[in-house]
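K.L.:
okay, predicted coordinates and the sequence, questions at the end:
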Amino acid sequence: MWPFPGPYNILYSDSWPLLGVVFISLGVASWFNHIQKPVFYLYAGLSLPIFIYGVAIAYFHLTQEPEIAAALFMFVGLAGLLSPLLTMGKAGRGAAYLIIAILVVAAIIALFLGINSTFAHIPRWAKWSPWYGKVVVSG
């Protein structure tokens, strides 16, 4: 897949496509004005692996910042797991605010990790070349 050790391939090749499925299904359900309880149960089910991946990141100390990376996955997963609460009338409004707060924290963590990863990954790739040989870009 990419030059990452096996555990990272599992974490990043499974969880983000699941989140993509959630977003696509939310878009389709919104388009057809058909957002109902079963849709949110689907989101909760798809969010469980993302939450578990967060636990695994912490358990196996993956990444350079395992606690923060684990928190990102766990917050995103928790937001999805709580999504069925959105269909509970007036209580759903409070749940919506809670989920928004969780996702804002997750977004801040993602921003922090993304900035740090940029400065950590670029130097590591400085001498990398594809399997078919060095690419020369003329200026």
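P.N.:
Sure, I can see it.
K.L.:
hey, where'd the helices end up in the chain?
P.N.:
Taking DSSP state H, the helices of the chain run over residues 6-31, 37-60, 66-82, 89-124.
K.L.:
most tightly surrounded among those helices?
P.N.:
Of the helices of the chain, the one with the most neighbours on average (mean count of other CB atoms under 10 Å) is helix 66-82, at a mean of 21. The C-beta positions use only the backbone N, C-alpha and C, and glycine is treated the same way.
K.L.:
quick check: the spatially most central residue of the chain vs residue 72, distance?
P.N.:
Taking CA atoms, centre = their mean, the centroid of the chain lies closest to residue 16, which sits 5.1 Å from it. Residue 16 sits 11 Å away from residue 72, going by CB to CB, to the nearest Å.
K.L.:
what do you get for residue 125?
P.N.:
To residue 72, residue 125 is 22 Å away according to CB to CB.
K.L.:
how about residue 40?
P.N.:
22 Å.
K.L.:
isn't residue 62 up against residue 7?
P.N.:
Yes - between residue 62 and residue 7 there is a contact at 5.7 Å, judged by CB atoms under 8 Å.
K.L.:
lowest confidence element among the helices and strands of this structure?
P.N.:
helix 6-31 (a mean of 73; mean pLDDT, DSSP states H and E).
K.L.:
helices and strands around that helix, which ones?
P.N.:
Secondary-structure packing of helix 6-31 (3 or more CB pairs under 8 Å, 6 or more residues apart in numbering; DSSP states H and E): helix 37-60, helix 66-82.
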